[in-house]
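Asker: task: produce atomic coordinates for the following.
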Amino acid sequence: MIRSFSDIFQVTELRRKVLFTLGCLAAYRLGASVPIPGINAEALRSLFEAQRNSLLGFLNIFSGGALGRFSIFSMGVMPYINASIIMSLLQGAHVLPYLDRLAKEGELGRKKINQWTRYLTLFLASFQSFGLTIAISKMPTPGNVPVVENPTVGFYLLTVLTLTAGTILVMWLGEQMTEFGIGNGISLIIFAGIVEGIPSALVGLVGLLRLEEISLLMVLFLVAVMLVITGLVVWVETGQRRIPVQYAKRVVGRKMYGGASTFLPLKVDQSGVIAVIFAVSLMAVPLTFAQFSPEAPWAQKVFSFLNSGGILYQIFYMGMIVFFCYFYNSVSINPNDLAENMRKWGGFIPGIRPGDSTANYIQWILERITLGGAIFVALIAVLPDSMRQSLNAPFFFGGTSLLIVVGVALDTIGQLEAHLIMRNYEGFLKKGRIKGRWFNVGT
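Answerer: Numbers count the residues shown, from 1 in each chain. The predicted model follows:
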């Protein structure tokens with residue numbers, strides 16, 4: 001494994017991609033630590049300490065602590081993700097025929113859709129930054145110390161402009177990492193924000209252990225649970241349902257083609273971390289509207305529902321994750337196209353007629369494996385609330401954070417593996433052979 005990581009820096013192009021990605025992540029972390037002027041840091045810290053177990057506290061973890069500092073990158077990539085959700089929903093539901101035509105125009109159409117997504121991100125960033133600024137300036141703190149002393153119109157305008165510009169800059173950094181770096185830039189930004197809080201969480205846990213506020217047995221139990229959950233997440237994220245495909249023999253001139261047996265891999269959790277990120281982003285939308293009038297009765301009900309962590313909240317959250325798992329599959333995988341391409345190349349699934357029967361069979365399998373993967377992801381996502389309620393865990397045990405960290409890490413390592421193997425380097429997995437069959441084993 002160590003040798004494989006050292007090989008990364010032996011390939012000039014790959015080394016450039018990795019260093020560029022690390023540089024962009026460093027720039028993001030630097031901006032996340034720059035606070036907006038005019039904020040009472042102590043009052044803001046006490047506010048987020050009181051909201052640690054609420055949705056607002058989770059969004060703070062999601063932003064890598066930038067929201068808790070009220071920095072220039074406080075909103076992170078949330079407006080961009082919301083804009084992507086809206087564009088995907090409009091395209092998937094065939095609401096706008098114009099988007100459908102763009103989606104069929106290949107690379108040019110994709111660039112045009114990305115451009116409209118950026119415009120929508122700018123609008124949502126302006127709207128959400130205004131709501132966040134009003135909420136932070138009016139939200140009561142435990143000591144009744146205002147976060148902002150006598151906010152003026154100039155403070156609101158400067159803060160909204162700064163937060164909006166910060167979101168656009170983060171979006172640009174993510175796109176640059178995706179194009180010129182390694183991995184998915186937006187996912188890596190969220191990954192970096194979550195990983196940034198791990199050292200402080202470990203230090204806090206050690207402090208609680210020294211003060212004897214938590215027993216050593218409880219710490220060992222929580223660590224064991226985390227390791228087991230991590231292993232299960234890796235197992236599900238890498239799990240596949242392989243559909244056997246047989247290609248008929250064809251004679252072209254004097255040569256014979258086909259006759260090979262292969263398989264069509266369908267991942268158990270095809271959406272990966274996308275469904276979780278979409279669900280969290282959409283859950284934050286009602287919170288944004290409630291921030292405009294936090295004293296209103298309807299806003300108090302929204303805050304109470306989102307911060308309660310009750311059974312209705314967990315069911316709603318799990319339902320959102322399951323919905324986006326199916327929605328992502330419907331957008332990314334088209335069984336009709338798979339069946340048609342298979343038919344054109346003389347392929348067929350043994351026992352299934354080509355054409356519509358093959359498409360229906362693929363759809364039938366896809367719906368069932370997606371259900372299992374979506375339920376697993378949803379159960380892991382609500383694990384933190386269950387841990388706090390049943391075991392009274394004194395720190396945030398993030399199931400959603402764990403899903404994102406593991407998913408992004410696997411995707412990035414997979415891309416590094418592909419680059420190394422393509423250049424004849426040994427990857428992170430090496431080949432083994434037992435009884436004439438090749439398989440991959442960890443180094």
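Asker: please count neighbours and contacts with C-alpha atoms only from this point.
Answerer: Noted.
Asker: model confidence for Ser33, exactly?
Answerer: At Ser33, the model reports a pLDDT of 85.
Asker: surely it meets Ala66?
Answerer: Yes - between Ser33 and Ala66 there is a contact under C-alpha atoms under 8 Å: 6.5 Å.
Asker: looking at these two, which is more packed in?
Answerer: Ala66 (24 against 19; other C-alpha atoms under 10 Å).
Asker: mind listing what that one touches?
Answerer: Ala32, Ser33, Asn60, Ile72, Phe73, Ser74, Met75, Gly76 (C-alpha atoms under 8 Å, 6 or more residues apart in numbering).
Asker: picking up where we left off before, shared neighbours, Ser33 and Ala66?
Answerer: Common neighbours of Ser33 and Ala66 (C-alpha under 8 Å, 6+ apart) do not exist.
Asker: returning to what we had before: which one of the contacts of Ala66 is nearest Ser126?
Answerer: Among these, Met75 lies closest to Ser126 (C-alpha to C-alpha), at 10.6 Å.
Asker: burial measure for Val195, as a count.
Answerer: The burial count for Val195: 15, using other C-alpha under 10 Å.
Asker: can you show me the strands along this protein?
Answerer: According to DSSP state E, the chain carries its strands in the segments 240-247, 250-252, 255-257, 261-267, 347-348, 429-434, 437-442.
Asker: chain center to the first one, what's the gap?
Answerer: What that stands for is strand 240-247. 29 Å (C-alpha atoms, centre = their mean, to the nearest Å).
Asker: out of the strands of the chain, which gets the lowest mean score?
Answerer: Minimum mean pLDDT among those: strand 437-442, a mean of 42.
Asker: which residues touch the nearest residue to Val273 once chain neighbours are set aside?
Answerer: Once flanking residues are discounted, Val273 sits nearest to Ile404: 5.4 Å by C-alpha to C-alpha, 6 or more residues apart in numbering. If you count contacts by C-alpha under 8 Å, 6+ apart, Ile404 has them with Phe191, Val273, Val276, Ile277.
Asker: relative to Gln128, how far out is Ile404?
Answerer: Note on Ile404: its distance to Gln128, by C-alpha to C-alpha, to the nearest Å, is 24 Å.
Asker: again with Pro79
Answerer: According to C-alpha to C-alpha, Pro79 and Gln128 sit 8 Å apart.
Asker: swap in Gly355?
Answerer: Gly355 sits 47 Å away from Gln128, going by C-alpha to C-alpha.
Asker: the more surrounded of these two?
Answerer: Gln128 (23 against 18).
Asker: OK, contacts around the more buried one?
Answerer: Counting by C-alpha under 8 Å, 6+ apart, the residues that Gln128 touches are Pro79, Thr288.
Asker: how near is it to Ile321?
Answerer: Taken as C-alpha to C-alpha, the span from Gln128 to Ile321 is 23 Å.
Asker: residues in contact with Ala165?
Answerer: By C-alpha under 8 Å, 6+ apart, the contact set of Ala165 is empty.
Asker: give me the neighbour count for the residue nearest to Val322 when sequence neighbours are not counted.
Answerer: Distances taken as C-alpha to C-alpha, 6+ apart put Ala374 closest to Val322, at 5.1 Å, once the chain neighbours are dropped. Ala374 is flanked by 27 other residues according to other C-alpha under 10 Å.
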